[in-house]
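J.: Output the structure for:
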Amino acid sequence: MGLCAGLYYLYTKVESSLKQNVDRVLLGKSKKEDGPASDEKLRQVRERMQKELERKAELYKEKMKQKAEEERLKKLEALEKKEEGGPSQDTSNKKKMPLFRDEYNPLMGSGPVNNYRPPRRSACSRGGCGR
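T.: Just a heads-up that it's a prediction; the model follows:
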């Protein structure tokens with residue numbers, strides 16, 4: 001029952017849109033305006049979009065300048081603190097690198113790079129083919 005109702009609703013929507021398309025084609029109506037008025041509108045829209053883009057670019061530049069200035073000030077403060085306190089033993093910034101990778105196994109060789117396989121044997125290996 002619900003399927004029939006859904007199909008009927010879909011049929012009415014498709015039918016109305018088809019009628020609108022046929023009327024537009026037969027009567028020569030189109031959604032797009034032609035002529036100098038539409039060109040002027042298009043130019044104005046493009047100018048607005050360009051101004052908006054330039055405004056956003058300026059805001060982005062200002063934010064980046066502020067961020068760079070803040071980072072510079074933080075570095076200066078860190079240097080001043082370091083000079084006041086002398087050499088610090090701050091190991092929190094140092095990352096400890098493991099000596100070997102987790103998957104390293106010394107019995108397996110140096111890895112997939114050394115996959116040496118001897119060349120195939122051929123009948124010419126003893127010098128009997130070329131004579």
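J.: any idea how this protein splits into domains?
T.: Split into domains by the TED database, the chain comes to 1-32, 48-81.
J.: what's the average pLDDT for stretch 117-131?
T.: What stretch 117-131 shows for mean pLDDT is 67.
J.: Over to stretch 61-74?
T.: On average, stretch 61-74 scores 96.
J.: from the middle of its chain, how far away would it be?
T.: Centroid separation for stretch 61-74 versus its chain: 25 Å, with CA atoms, centre = their mean, to the nearest Å.
J.: can you check stretch 65-85 too?
T.: Averaging C-alpha positions (CA atoms, centre = their mean) puts stretch 65-85 32 Å from its chain's average.
J.: Any buried residues in it, and which?
T.: Neighbour counts over stretch 65-85 (16 or more other CB atoms under 10 Å) mark no residue as buried. For glycine as for every other residue, the C-beta is placed from the backbone atoms N, C-alpha and C.
J.: where are the low-confidence patches of the chain?
T.: 28-35, 86-94, 100, 104-106, 108-116, 123, 125-131 (pLDDT under 70).
J.: Quick check: longest helix in the chain by residues?
T.: The single longest helix within the chain, with elements called by DSSP state H, is helix 36-85.
J.: so how far is stretch 54-61 from its chain's centroid?
T.: Relative to the chain's own centre, stretch 54-61 is displaced by 21 Å; criterion: CA atoms, centre = their mean.
J.: For the longest helix of the chain, which helices and strands make contact with it?
T.: Helices and strands touching helix 36-85, as assessed by 3 or more CB pairs under 8 Å, 6 or more residues apart in numbering; DSSP states H and E, are absent.
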